[in-house]
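In: Here is a sequence with its predicted model. Questions after.
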Amino acid sequence: MTDESFDVVVIGAGPGGYVCAIRAAQLGMKVACVDKRGAFGGTCLNVGCIPSKALLHSSELYAEARDGLNAFGIKVPTVELDLGAMQDQKSKVVKELTQGIEFLFRKNKVTALKGTGRLNGPGRVQVELNGGGGQELAARHIVLATGSEVAPLPGVEIDEQRIVSSTGALELEEVPNHLVVVGGGYIGLELGTVWRRLGAKVTVVEFLDRITPGMDLEVSRQFQRLLSRQGLGFKLATKVTGVDAGGDRLLVATEAAEGGEAEKMKADVVLVAIGRRPYTDGLGLETVDLTTDNHGRIEVDSRFATGADGVYAIGDVIRGPMLAHKAEDEGVCVAEHLAGQRPHIDYDAIPAVIYTAPEVASVGKTEEQLKDAGISYRTGKFPFSANSRARATGQTDGFVKILADAGSDRLLGVHIIGADAGTMIGEAALAMEFGASSEDLARTSHAHPTLEEAIKEAALATHGAPLHI
Ligand code: FAD
Ligand code: NAI
């Protein structure tokens with residue numbers, strides 16, 4: 001016996017699921033959204049994007065007050081860290097935003113359920129409510145948006161106290177003397193930066209011979225140089241083979257990625273950040289004859305339909321970058337497909353940002369990808385050291401790099417390392433979404449003095465004619 005029928009039942013209320021539910025409701029469908037976490041918003045709002053950005057911001061303010069203001073003629077005699085208050089500010093923001101999702105659900109008449117959802121054969125979702133009891137929902141369409149979880153490091157057990165994932169690293173009550181970060185990707189570098197600014201010694205152990213794989217190599221190299229200048233230590237081409245948690249301090253065993261002599265490092269906290277994997281535990285995929293691919297992802301077609309009738313999947317649980325805005329775009333897309341519309345996502349125009357200082361942001365292809373694909377391109381680069389606003393504010397690190405098709409001049413990739421890169425990349429994403437050329441960017445009027453003028457100059461440089469260098 002089903003308790004209630006819906007047009008759409010969404011399992012998971014992260015950026016993919018909650019946005020899908022709201023959009024489907026806007027389009028006139030009767031929608032329920034189920035999440036087993038006590039608060040809506042998924043990984044992103046609860047333990048991901050938002051708390052990490054809160055700590056990145058407050059730790060940057062702290063470091064600026066401690067080390068950066070003298071250069072501007074501002075003397076701050078003593079700067080003190082109140083980590084408890086910093087953590088409270090972060091928790092307050094998370095609480096406000098997750099409660100905001102409940103408000104949006106009410107406003108759009110989405111039935112919001114806190115509980116675990118499980119497929120129970122075609123068109124049915126069984127919900128075990130967090131408060132006890134269960135409910136079976138009938139659904140014409142079911143959207144799986146169950147997200148991802150931390151990828152484990154074999155032989156290293158996460159206790160979220162001393163050996164932590166990103167979730168524990170956002171909750172530390174003391175600044176560790178030595179933080180060892182396993183994985184030089186998004187999480188390792190953002191959270192490594194937070195604790196470095198707050199006073200920890202930080203060592204990043206990365207399996208590959210470079211950090212941030214997938215990022216344009218030239219940008220990645222510059223990024224590592226700038227992070228090293230901030231005091232982060234790097235052990236590249238190195239693997240962690242085990243962590244001994246028996247003593248007062250952790251003993252981290254490492255060796256060269258290709259094998260070699262073992263080394264030991266003492267640490268107070270180890271952050272495991274070697275990637276995330278799709279999460280489908282207990283979802284009842286077998287009840288609709290669905291399996292996952294060899295990466296644990298649910299396979300979908302271009303309309304996000306799975307192999308099971310009426311079942312769709314979006315966000316971190318399917319292929320593509322594990323980014324909140326990608327999940328949101330897919331949520332909107334599925335809802336609009338269900339309403340008979342013809343939406344489309346250009347995956348080449350989805351930006352990616354690492355929110356360190358400076359920020360690193362990109363959209364489109366890297367130079368390495370273009371070389372591999374045999375595409376002829378022209379490159380234009382412009383350093384922030386030649387940008388007047390950057391000089392006025394002392395934010396001269398980094399550059400803009402533009403890759404444009406050698407024949408048509410169409411933009412193929414834009415990469416920015418510099419202050420506010422995450423905001424500036426919006427201009428490039430918009431340009432690429434509209435199929436703009438590098439000349440279009442160069443001819444667009446950019447306000448003076450702004451950091452964005454470096455984008456215009458880099459575009460001019462693809463034609464060999466930058467004005468200010
Ligand atoms: P999720 O946000 O993971 O949501 C899935 C939800 O489904 C969860 O709440 C889970 O509890 C629920 N669920 C799972 N199974 C069930 C079930 N059976 N029944 C009911 N509920 C279920 N991305 C960015 O774009 N920018 C950032 O700055 C950024 N920072 C990040 C920082 C950190 C530390 C981390 C870990 C991630 C960050 N990300 C960031 C990635 C981003 O959080 C994810 O890409 C995004 O949350 C994916 O959204 P989603 O809706 O697919 O899944
Ligand atoms: P990641 O994929 O960004 O980086 C993982 C790193 O670990 C890679 O450099 C990889 O080579 C390395 N690695 C893998 N196995 C290893 C091993 N055994 N030993 C040492 N290094 C190893 O994954 P991360 O940082 O865990 O983040 C997960 C995902 O969350 C990101 O890919 C991103 O999609 C998302 N995220 C996005 C953010 C943003 O948009 N600003 C911030 C944080 C996370």
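Out: That came in fine, so what should we check first? Ligands and ions are numbered 1, 2, ... in the order given.
In: What number of residues are in the vicinity of residue 459?
Out: When neighbours are counted by other Cβ atoms under 10 Å, residue 459 registers 31. In this view, the C-beta of every residue, glycine as well, is placed from N, C-alpha and C.
In: Enumerate every residue touching it.
Out: Contacts for residue 459 were tallied using Cβ atoms under 8 Å, 6 or more residues apart in numbering; they are 380, 402, 404, 438, 439, 441, 442.
In: Residue 414 is in contact with residue 421, isn't it?
Out: No. Distance between residue 414 and residue 421: 10.1 Å, which falls outside the contact criterion (Cβ atoms under 8 Å).
In: Looking at the two, which has the bigger crowd around it?
Out: Just comparing residue 414 and residue 421: by other Cβ under 10 Å the higher neighbour count belongs to residue 414, 30 against 26.
In: Skip the chain neighbours and tell me the closest residue to the residue in the stretch 351-469 of the chain positioned nearest to ligand 1.
Out: The minimum distance from the stretch 351-469 of the chain to ligand 1, using Cβ to the nearest ligand atom, falls at residue 355 (6.0 Å). Nearest non-adjacent residue to residue 355, counting by Cβ to Cβ, 6 or more residues apart in numbering: residue 56, 5.2 Å away.
In: And the next helix or strand past the host helix or strand of that neighbour?
Out: Residue 56 belongs to helix 49-63 when elements are defined using DSSP states H and E. Sequence-wise, the next helix or strand downstream of helix 49-63 (DSSP H and E) is helix 83-107.
In: Just list the residues touching the residue nearest to residue 355, thanks.
Out: 190, 193, 194, 355, 356, 357.
In: The first one and ligand 2, how far apart?
Out: When you say that, I think you mean residue 190. 5 Å (Cβ to the nearest ligand atom, to the nearest Å).
In: Check residue 446 and give its pLDDT.
Out: Looking at residue 446, its pLDDT is 98.
In: Next: residue 259.
Out: Confidence at residue 259, expressed as pLDDT, is 87.
In: same check, this time on residue 2
Out: 66.
In: Helix or strand: which one has residue 228?
Out: Counting by DSSP H and E, residue 228 is found in helix 217-229.
In: Show me the helices in the stretch 201-350 of the chain, by range?
Out: 217-229, 324-338 (DSSP state H, counting those that start in this stretch).
In: Pull out the buried positions in the first one.
Out: Right, the one you point to is helix 217-229. 218, 219, 220, 222, 223, 224, 226, 227 (16 or more other Cβ atoms under 10 Å).
In: who's in contact with residue 336?
Out: Counting by Cβ under 8 Å, 6+ apart, residue 336 has contacts 23, 27, 342, 343.
In: Just give me the neighbour total for the residue lying closest to the first one once chain neighbours are set aside.
Out: Ranked by Cβ to Cβ, 6+ apart and with sequence neighbours excluded, the top spatial neighbour of residue 23 is residue 335, at 3.7 Å. Here the neighbour count serves as a burial measure; for residue 335 (other Cβ under 10 Å) it reads 28.
In: pLDDT score assigned to residue 335?
Out: Value for residue 335, per-residue pLDDT: 98.
In: any idea which strand is longest in the protein?
Out: Using DSSP state E, we find that the single longest strand of the chain is strand 134-144.
In: could you give the mean pLDDT of that strand?
Out: Mean predicted confidence for strand 134-144 is 97.
In: and that strand, which strands flank it?
Out: strand 4-11 (parallel), strand 124-129 (antiparallel), strand 311-313 (parallel) (DSSP bridges).
In: still on that earlier bit, and the helix holding residue 56, how far out from the chain middle?
Out: 15 Å (Cα atoms, centre = their mean, to the nearest Å).
In: Show me which residues of this protein are close to ligand 2?
Out: Residues of the chain that fall close to ligand 2, judged by Cβ under 6 Å from any ligand atom: 153, 182-188, 190, 205-208, 213, 239-240, 273-276, 321-323, 353-355.
In: If we go by neighbour counts, what in stretch 437-446 is buried?
Out: Buried residues in stretch 437-446 (16+ other Cβ under 10 Å): 437, 438, 439, 441, 442, 446.
In: Tabulate those residues (a markdown table), appending distance to residue 247.
Out: Output for the buried residues of stretch 437-446, formatted as a markdown table (distance: Cβ to Cβ, whole Å):
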| residue | distance to residue 247 |
| --- | --- |
| 437 | 61 |
| 438 | 57 |
| 439 | 62 |
| 441 | 56 |
| 442 | 60 |
| 446 | 57 |
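In: can you tell me which of the residues you listed lies nearest to ligand 2?
Out: Out of those, the member with the shortest distance to ligand 2 (by Cβ to the nearest ligand atom) is residue 441, at 23.8 Å.
In: Would you mind measuring from that closest one to residue 454?
Out: 11 Å (Cβ to Cβ, to the nearest Å).
In: one step back: tell me which of the strands paired with strand 134-144 is the most buried.
Out: Burial of the strands paired with strand 134-144 is given as mean neighbour count (mean count of other Cβ atoms under 10 Å); strand 311-313 ranks first at a mean of 27.
In: what comes into contact with that one?
Out: 119, 141-145, 288, 290, 298, 300, 303-306, 334.
In: Same check on stretch 128-136?
Out: 1-4, 36, 38, 113-116, 118, 120, 124-127.
In: Looking at those residues, which two lie furthest apart in space?
Out: The most widely separated members of the contacts of stretch 128-136, counting by Cβ to Cβ, are 1 and 38 (28.1 Å).
In: These two: which has the busier surroundings?
Out: More crowded of residue 1 and residue 38, by other Cβ under 10 Å: residue 38, with 9 against 4.
In: Is the more buried one in a helix, a strand, or coil?
Out: Classification of residue 38 by DSSP: H, G, I helix; E, B strand; the rest coil places it in coil.
In: Contacts only, for it.
Out: With Cβ under 8 Å, 6+ apart, residue 38 has these contacts: 114, 130.
In: Could you check how far it is from residue 46?
Out: 9 Å.
In: show me what contacts the residue in the stretch 101-250 of the chain positioned nearest to ligand 1?
Out: Closest to ligand 1 within the stretch 101-250 of the chain is residue 147: 2.1 Å, counting by Cβ to the nearest ligand atom. With contacts defined as Cβ under 8 Å, 6+ apart, residue 147 is in contact with 12, 14, 16, 42, 43, 278, 279, 315, 316, 317, 327.
In: Which of the residues you listed fall in strands?
Out: residue 278.
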